[in-house]
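Peer 1: give the three-dimensional model of this entry:
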Amino acid sequence: MQSSAIRKTFLEFFQSKQHQIVASAPMVIKNDPTLMFTNAGMNQFKDIFLGNSAAKYSRIADTQKCLRVSGKHNDLEEVGHDTYHHTMFEMLGNWSFGDYFKREAIAWAWELLAAVYKINKECMYVTVFGGDEKDGLAKDMEAYNFWKEFVPEERILFGSKKDNFWEMGDSGPCGPCSEIHVDIRNEDEKLKIAGKDLVNNDHPQVIEIWNLVFIEFNRMADGKLVSLPAKHVDTGMGFERLSMVLQGKQSNYDTDVFQPIIQEIAKLSGKKYGAEHKADVAMRVIADHLRAVSFAIADGQLPSNNKAGYVIRRILRRAVRYGYTFLDFKEPFINELVSILVEQMSANFPEIKAQQALIKKVIAEEEISFLKTLANGIQKFEQYCQQNSVTKVIEGNFAFELLDTFGFPIDLTQLMAKEKGLDVDMNGFTKAMEEQKMRSRQAAVVDTDDWVILKDDAVETVFVGYDSLEAEIEIVKYRSVKAKDQQFYQLVFDKTPFYAESGGQVGDKGIIYNADEKIIIKDCRKENNLSIHITDKLPVTIEAGFTAKVDENKRKQTANNHTATHLLHEALRTVLGSHVEQKGSLVDDERLRFDFAHFSKMSDEEIQQVESMVNAKIRENLLLDEKRNIAIEDAQKMGAMALFGEKYGDHVRVIRFGDSVELCGGTHVNATGSIGLIKIISESAIAAGIRRIEAITSEKAIAFYNQQTSLLEEIQELLKGSKDVVKSIKNLQEEVNELRKQITVFNKEKAANLQDTLLNSKQLINGVNFIAAKVELDAAIIKDLAFALKEKQDNLMLVLAYENEGKVGLSVMVSENLVKEKGLDAGKIIREIAREIDGGGGGQAFYATAGGKNPAGIENAFIKAKTLIV
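Peer 2: Next comes the predicted model:
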């Protein structure tokens, strides 16, 4: 059965069981500080499990794209080495929200696997929760007895809490689970050892394919379990593993999910898959990582140096370095595989087709950049070996630096070291790696208390901030949070005028107050569908009523900037073309930042045209046309623009200003004239195919123009009231350039005159002509002087110093024959003597330089240099 049919069969089966089939949520998560990526099928239903949202359907099924790079069996560095773990994978799942429970979940799972997919019943084992004394939980005999209706008791196994009790996190909804495992070994292997003895023992052919989770408890912050008012079912089946079983393969990578990509990699590399282990691992790594990176980009997450972007960059770079090391790809190649992936996956995930050009462009640019980084890393490795030629062991800290800074896997460093007859200090490397992990864990520690519920009957917070900046509110729950030695409180209201940060717009600030006290609201954030208000202290009378008041000026300026982004988006599409799509934004009361898809730098004329167009729309004073809570289909018919990577509900809000029509939940002006004007401050690249515009509006824009006018007046005054400022500055630049040329000629003549003086000052020490002197020249002239002296004097060791505005420079030149015959090394010498000037440096064996900040140490540097002559 082809993988596409496997997926279709799953969804149709549960549709026949009255399940609503829903689309996959984006793989990149927003509005949840605990997760960067969807790592399980249940993530998009987390709000329902937490009680923050009501379930629209009591039964749901889907296939969810997921990403895992850490945790149980999911260390990134292990992916590709076994047959069944991945970074990006599909999770087939069915859910019940307070509807059916264990009996139906178990019966339907067995029906689908045994009767529909026709997996051999004798090859399947099931596990149930074996109880836990610490939590006071007995064995899950309910699930056990249901399984007995389908499976012989010898194939029903009790599992530990570790394997058979699912938890969302340290706190939150949880419950026992029942796993279904399949033994796909050959008959000879099955005779040697029973399959039940290999369940949950990391055997590559005795694998878990489906986990049925029965959510019936809530784990409190103190560790106690409390029964939930409604019981839920959450199941997840690995699509890739299921395909392996149904297609009779021994590896996920041998299925039609991966083979088209792997065979294309084999073709491009000129190697045959299955012929050589290391090449096979590399092809599996690349095929897996291509999927993860492509889907992340399609969902709006670009590679970068922080947070989710760093994870994607790390995954992509791992694929590049495996291709570089084991398949001899020295030029970009991964981007050429995107079309194969799109052909495979676009029928079920249309976003991958819609974003194909961007995905290919971003991956190609990242490949080019990282291949340069790899080359720099190799150069760094070679320099290290030159500078430490005596040692036979590469320091662990240096090996870790290569990994952390240049993306070198440790096996590449070991391979390069082996070629030079060197070992790598693996203990030191492991220690450095663990220390970094510990720092990361400590930085991420957040201690969150349980919610203190004040009103049990409270429903979802009502946002009234579109219509009013004040509201009479009550606090329905609160909790304390500690992070990085700071304590603050999170408050949830029954209704709120405060906009919670989302969609690129920052959260509102303001106050809540009554006759007795006033509490400052520092921020308002969206977390798991809750509008959370951040404050440094709790009200004394927490159960009292309050007036919530938003900071009006900040809200007004933020609304100006948000509406301006809509007008900017429309103008960019008009000037540059309809390919322009928003890829991110940041809107606050100071400025706006707008990221968009476009493959070249905007010209000055294009920027001016866009700015003029937006200002024209502002002057038109276009009125806000707002449609709240309309069907998504109706919004699409209106031409409303949606963002890739955003998940929209069945009903949405549409914002129109003239020709600009967008789906948006943010706050806006009532008419564009309120914005005043817009000024684009910068336009730049932030990633391959992604440009960024930063702009200011209203009072900030006026202040900018006033500042520029004052600056121009000051320049005119300095230029003696010149009417043609540009011409006067050009004349000054020409004069400065001419003077610089004269200074360069003068310094060269000065250096030439110095040569004889310096040669006459040489001292003969152990057969070495040693010269040390402080000169009044710049670094470039000193280098020319050093090379000139080397040509005139054999057996030369030269140390020159200069001082400029409190900074010191040192240069060391050593004749090539002294490097070979006496082992003198300018790089090592410069590192030693640079300490005397409180500096550091490096270079090659015959010429090296250093900088420092202690001019008083120059003489000591000369003295130390003399002692290094052997």
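
Peer 1: can you count the residues close to Glu474?
Peer 2: 16 (other CB atoms under 10 Å). For the C-beta atoms, the positions are set from N, CA and C on the backbone; glycine is no exception.

Peer 1: what sits closest to it if chain neighbours are left out?
Peer 2: Asp494 (5.0 Å; CB to CB, 6 or more residues apart in numbering).

Peer 1: report the contact partners of that neighbour.
Peer 2: Lys455, Ala458, Thr461, Val462, Ile473, Glu474, Val476 (CB atoms under 8 Å, 6 or more residues apart in numbering).

Peer 1: what helix or strand is the residue nearest to the first one when sequence neighbours are not counted on?
Peer 2: In space, Lys455 comes closest to Val476 once its chain neighbours are excluded; the distance is 4.4 Å by CB to CB, 6+ apart. Assigned by DSSP states H and E, Val476 falls within strand 470-483.

Peer 1: now Tyr802
Peer 2: Per DSSP H and E: strand 796-804 holds Tyr802.

Peer 1: immediately after that strand, which helix or strand?
Peer 2: Next element after strand 796-804 (DSSP H and E): strand 807-814.

Peer 1: show me where the stretch 301-450 of the chain has its strands.
Peer 2: Ranges of strands in the stretch 301-450 of the chain, per DSSP state E, counting those that start in this stretch, are 393-394, 423-424, 446-448.

Peer 1: parallel or antiparallel, list what pairs with the longest one.
Peer 2: So the one you mean is strand 446-448. strand 470-483 (antiparallel) (DSSP bridges).

Peer 1: average pLDDT for the partner strand, rounded please.
Peer 2: For strand 470-483, the mean pLDDT works out to 93.

Peer 1: could you check it and say which residues are buried?
Peer 2: Ala471, Ile473, Glu474, Ile475, Val476, Lys477, Tyr478, Arg479 (16 or more other CB atoms under 10 Å).

Peer 1: equivalent analysis for stretch 582-597, please.
Peer 2: In stretch 582-597, counting by 16+ other CB under 10 Å, buried: 582-589, 591-597.

Peer 1: distance between the ends of it?
Peer 2: 7 Å (CA to CA, to the nearest Å).

Peer 1: one step back: what's the farthest-apart pair in the buried residues of stretch 582-597?
Peer 2: Asp589 and Ala597 (27.1 Å; CB to CB).

Peer 1: Phe657 contacts His569, correct?
Peer 2: No - using CB atoms under 8 Å, Phe657 makes no contact with His569, being 10.6 Å away.

Peer 1: separation between the residue located most distally from the centre of the chain and Glu395?
Peer 2: Ranked by distance from the centre of the chain (CA atoms, centre = their mean), the top residue is Asn760, with 61.0 Å. Asn760 sits at a distance of 44 Å from Glu395 (criterion: CB to CB, to the nearest Å).

Peer 1: swap in Gly839?
Peer 2: 22 Å.

Peer 1: with Asp299 instead?
Peer 2: Counting by CB to CB - Asp299 and Glu395 are separated by 40 Å.

Peer 1: so which of those two has more stuff around it?
Peer 2: Asp299 (26 against 16).

Peer 1: for the more buried one, phi and psi?
Peer 2: When read as degrees, to the nearest 10, the backbone of Asp299 gives phi -90, psi 10.

Peer 1: could you report the pLDDT at it?
Peer 2: pLDDT at Asp299 comes out at 90.

Peer 1: likewise for Ser3?
Peer 2: Looking at Ser3, the pLDDT reads 95.

Peer 1: test my guess that it contacts Thr255.
Peer 2: Yes - the criterion here is CB under 8 Å, and Ser3 meets it with Thr255 at 6.3 Å.

Peer 1: what touches both of these two?
Peer 2: Ser243, Gln247.

Peer 1: hmm, who's touching the helix or strand of the chain with the lowest mean pLDDT?
Peer 2: Using mean pLDDT, DSSP states H and E, the weakest-scoring helix or strand in the chain turns out to be strand 446-448, at a mean of 78. Defining contact as CB under 8 Å, 6+ apart, one finds that strand 446-448 is touched by Ser171, Ala221, Arg479, Ser480, Val481, Lys482, Ala483.

Peer 1: quick one, what contacts the fifth one?
Peer 2: In other words, Val481. Taking CB under 8 Å, 6+ apart, one finds Val446, Asp447, Thr448, Asp449, Gln487, Phe488, Tyr489, Gln490 in contact with Val481.
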